[in-house]
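*Asks:* the following comprises the amino acid sequence and a computationally predicted model.
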Amino acid sequence: MRILAIDYGLKRIGIATTDELRLTIRAVKTIPSHGVNQDAHRLLEIANQLNTKQLVIGLPTHHSDRSGVFLRRVLKLRDKLQKLSSLPVTVWNESWTTTAANQWMIEHHIPAKRRRQIRDQIAACLILEDFLSSQKHA
């Protein structure tokens, strides 16, 4: 059962997926964000192409002035995805995944230009890794 993870941002959306056995995780792509409705349709199109059976959306839980507004936008995306699809949609704590993604890329000597291109995909991978880890211990 393949799972698609979404690192939802105001400008970009990072996407990662598992294999069918949920043993490996890979970055898929980064797409531009165009608003909840259009993003939901595009994400379901990608989920369908990858034969996805579940969606996991990163939920910002750290506190900042923007987090309340952004949290509502993520929940709106979740609701839209649930309305448009029968796929299970789970929100998952994404706290500090972008920071962790940046750190990982620096440690692996990924050039700054490339880091900007793949940051959201790596964050989606980290969201998915944490989600899968919790499932193994449940």
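*Replies:* Perfect, I can see it now.

*Asks:* now the nearest residue to residue 55 once chain neighbours are set aside: how far from residue 109?
*Replies:* Among residues not flanking residue 55 along the chain, residue 89 sits closest, at 4.6 Å (Cβ to Cβ, 6 or more residues apart in numbering). (Each C-beta comes from the backbone N, C-alpha and C, glycine too.) Applying Cβ to Cβ, to the nearest Å, the value for residue 89 to residue 109 is 36 Å.

*Asks:* counting neighbours, go ahead and name the busier of the two.
*Replies:* Set residue 89 next to residue 109 and count neighbours by other Cβ atoms under 10 Å: residue 89 wins out with 19 against 6.

*Asks:* just list the residues touching that one, thanks.
*Replies:* Residues in contact with residue 89 (Cβ atoms under 8 Å, 6 or more residues apart in numbering) are 54, 55, 56, 57, 78, 81, 82.

*Asks:* let me know the closest of these to residue 127.
*Replies:* Closest approach between the contacts of residue 89 and residue 127, by Cβ to Cβ: residue 56, at 6.4 Å.

*Asks:* which ones are touching the closest one?
*Replies:* If you count contacts by Cβ under 8 Å, 6+ apart, residue 56 has them with 3, 4, 5, 6, 89, 90, 91, 92, 127, 128, 131.

*Asks:* mind putting those into TSV with secondary structure and pLDDT?
*Replies:* Shown next, in TSV, are these (DSSP: H, G, I helix; E, B strand; the rest coil; pLDDT from 0 to 100):
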residue	secondary structure	pLDDT
3	strand	98
4	strand	98
5	strand	98
6	strand	97
89	strand	98
90	strand	97
91	strand	96
92	strand	95
127	helix	95
128	helix	96
131	helix	96
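
*Asks:* of those, buried ones?
*Replies:* With burial judged by 16 or more other Cβ atoms under 10 Å, the buried subset of these is 3, 4, 5, 6, 89, 91, 92, 127, 128, 131.

*Asks:* so how far is the helix or strand bottoming out on mean pLDDT in the chain from its chain's centroid?
*Replies:* Within the chain, confidence by mean pLDDT, DSSP states H and E is lowest for helix 97-107 among all helices and strands, at a mean of 89. A distance of 15 Å separates the centroid of the chain from that of helix 97-107, by Cα atoms, centre = their mean, to the nearest Å.
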